[in-house]
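**Q** Predicted coordinates and the sequence they were generated for:
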Amino acid sequence: MKLPKIPETAYVLLSGGQDSFVCLVWALQNFATVATVGINYGQRHSRELDYAAKIGAHFEVLHTVYDIGNFMKAITDSTLLNQGDHSHSHPLAADLPASFVPNRNGLFLTIISNHAFRKGEQRINLVTGTCETDFSGYPDCRDNYIKAKAVELSLGLDRPVTIYTPLMWKNKAQVFEMAYNAGKLKELRELTLTCYNGEEQMNPWGRGCRQCPACKLREKGFAAFRQTYPHLAP
């Protein structure tokens, strides 16, 4: 039995990548109204912002982009912001990958919650693609961090903030499966860009360079997904 949609608005952090795409699909299935927010934070390539806009237009949702300029670059180091090898360790934390942007998710959730507050929401519903199963070891992707962030935002805005993480316990194969079950696998492959290097070449699993950690994780997840659904065309 299909449950009725929640009669409120969900605000989805939309990066233009695979995970946020599936989170948007999930939100459209579960909420009466959905809007999306993208963040220009000085990342090495802006192509992901273009893909986020394409996704928003495809699903006919209101998509807002906030530009925070070089704020992140000014206070930290990351290969997502500056040049460098994504496979190396982070210069400020040897146990984390070079692509780690400290507290990026915390900042993004603060921005999107302020956006919802500005829209007059009395109950704020945020959706983000953070995940503990297939991730790069980023501490701000962990479930306990997200739960703590929801408490912080609720206290700071003096109204209830709920952060939904539909992918938290999913691996990449299961993310592909979610898109497939929703009838959106083709759109997932064609409309998203997860590649750290911003390469747009099409592969069986989607667009990307095939070399960066994000592409390798996505390719591995698609291979596992295909084992469950071998009848699908490559």
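**A** Received it, and whenever you're ready, just let me know what you need. The structure displayed is predicted, hence computed values, not measured ones.
**Q** I'd like to know which helix or strand in the protein has the lowest mean pLDDT.
**A** Lowest mean confidence among the helices and strands of the chain (mean pLDDT, DSSP states H and E): strand 93-97, at a mean of 63.
**Q** Of all the residues in the helix or strand following it, which ones are buried?
**A** Proceeding N to C from strand 93-97, the next assigned helix or strand is helix 104-118, under DSSP states H and E. Residues of helix 104-118 classed as buried by neighbour count (16 or more other CB atoms under 10 Å): 104-110, 112-117. Quick note: C-beta positions are derived from backbone N, CA and C, even for glycine.
**Q** Between all of the residues you listed, which two are separated the most?
**A** 104 and 117 (20.4 Å; CB to CB).
**Q** Could you list the low-pLDDT ranges of this protein?
**A** Low-confidence segments of the chain (pLDDT under 70): 1, 77-100, 134-136, 233-234.
**Q** can you give me the helices in it?
**A** Remark: helices assigned in the chain by DSSP state H are 18-30, 47-59, 71-75, 104-118, 143-157, 172-181, 185-191, 213-228.
**Q** what's the second one in contact with?
**A** Contacts of helix 47-59 with the rest of the structure, by CB atoms under 8 Å, 6 or more residues apart in numbering, involve 14-17, 20-21, 24, 28, 34, 36, 38, 40, 62-63, 65, 187, 191-193, 198, 200.
**Q** could you flag which of the residues you listed are buried?
**A** Using 16+ other CB under 10 Å as the burial test, the contacts of helix 47-59 include 14-17, 20-21, 24, 28, 34, 36, 38, 63, 187, 191-193, 198 as buried.
**Q** what is the orientation angle of the top strand by length along the chain with helix 18-30?
**A** Longest strand in the chain, counting residues (DSSP state E): strand 31-40. Comparing the axes of strand 31-40 and helix 18-30 via axes from the mean of the first three to the mean of the last three CA atoms, to 10 degrees yields an angle of 160 degrees.
**Q** Return the list of helices and strands in contact with strand 31-40.
**A** If you count contacts as 3 or more CB pairs under 8 Å, 6 or more residues apart in numbering; DSSP states H and E, strand 31-40 packs onto strand 6-13, helix 18-30, helix 47-59, strand 62-67, helix 104-118.
**Q** can you list those in a markdown table and add distance to residue 148?
**A** Output for those, formatted as a markdown table (distance: least, CB to CB, whole Å):
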| stretch | distance to residue 148 |
| --- | --- |
| strand 6-13 | 17 |
| helix 18-30 | 20 |
| helix 47-59 | 27 |
| strand 62-67 | 23 |
| helix 104-118 | 10 |
